[in-house]
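Participant: sharing a model that was predicted from the sequence below.
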Amino acid sequence: MMSLLVSEGRNVPQTDEERSAAYRSMVAYTGKYTLEGNTWTTKPDVAWNEAWMGEQVRYFKLDGDKLVVETKPAMNPNYGTVVRVTLVWQRDE
C-alpha cells in the first residue's frame, strides 16, 4: 500500500524555509500490510521520515459509506507534540 497525505493550500516552495514547511505539511510511506480484526499494520519499505520505518499501526472501521482510520496517540515528528490522527474517507457515488 502507499499513503501520501498533504495539507490543503500548499504552494510551490521558493525558499529553504518554504521547503521545510512543505515537508512538514505531508506524510508518505509505502510497504506491505496485514489486517487482523480492525487493526491495519504496515511495514514500510520507504517513508518520508526515517523515523516511520518501524511498523505503522492503524485502527479502522467501516461506517456505511465511510472508512474511518485512526492512529494511536504518538509524537508528531514534524511538530513535536503528541497527536491522534483520524482520517475519514467517504465512498463516491
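Facilitator: That came through fine. The structure displayed is predicted, hence computed values, not measured ones.

Participant: okay, CA-based contacts and neighbour counts for the rest of this
Facilitator: Noted.

Participant: partner strands of the helix or strand bottoming out on mean pLDDT in the chain, with direction?
Facilitator: Taking mean pLDDT, DSSP states H and E as the measure, strand 74-75 is the helix or strand of the chain with the lowest mean score, a mean of 82. When pairing is defined by DSSP bridges, strand 74-75 lines up against strand 82-83 (antiparallel).

Participant: who's in contact with the strand it pairs with?
Facilitator: Here strand 82-83 makes contact (C-alpha atoms under 8 Å, 6 or more residues apart in numbering) with 73-76.

Participant: measure stretch 32-45 end to end?
Facilitator: Using C-alpha to C-alpha, to the nearest Å, the gap from the first to the last residue of stretch 32-45 comes to 8 Å.

Participant: buried sites along that stretch?
Facilitator: For stretch 32-45, burial by neighbour count (16 or more other C-alpha atoms under 10 Å) applies to 40-44.

Participant: ok, back up a step: got a list of contacts for the least confident helix or strand of the chain?
Facilitator: Outside of strand 74-75, the residues within contact range by C-alpha under 8 Å, 6+ apart are 81-84.

Participant: tell me the one of those nearest T15?
Facilitator: Comparing the contacts of strand 74-75 against T15 with C-alpha to C-alpha places T81 closest, at 25.4 Å.

Participant: excluding its backbone neighbours, what's nearest that closest one?
Facilitator: What sits nearest to T81 in space, not counting adjacent residues and going by C-alpha to C-alpha, 6 or more residues apart in numbering, is M75, at 5.4 Å.

Participant: give me the pLDDT for the residue nearest the centre of the chain.
Facilitator: The C-alpha lying nearest the average C-alpha coordinate of the chain belongs to V27 (C-alpha atoms, centre = their mean; 5.2 Å). At V27, the predicted lDDT confidence score is 88.

Participant: isn't it up against S7?
Facilitator: No. Using C-alpha atoms under 8 Å as the test, V27 is too far from S7 to be in contact (9.3 Å).

Participant: from R91, how far off is D63?
Facilitator: Distance of D63 to R91, given as C-alpha to C-alpha: 11 Å.

Participant: same check on T15?
Facilitator: Taking C-alpha to C-alpha as the measure, T15 falls 38 Å from R91.
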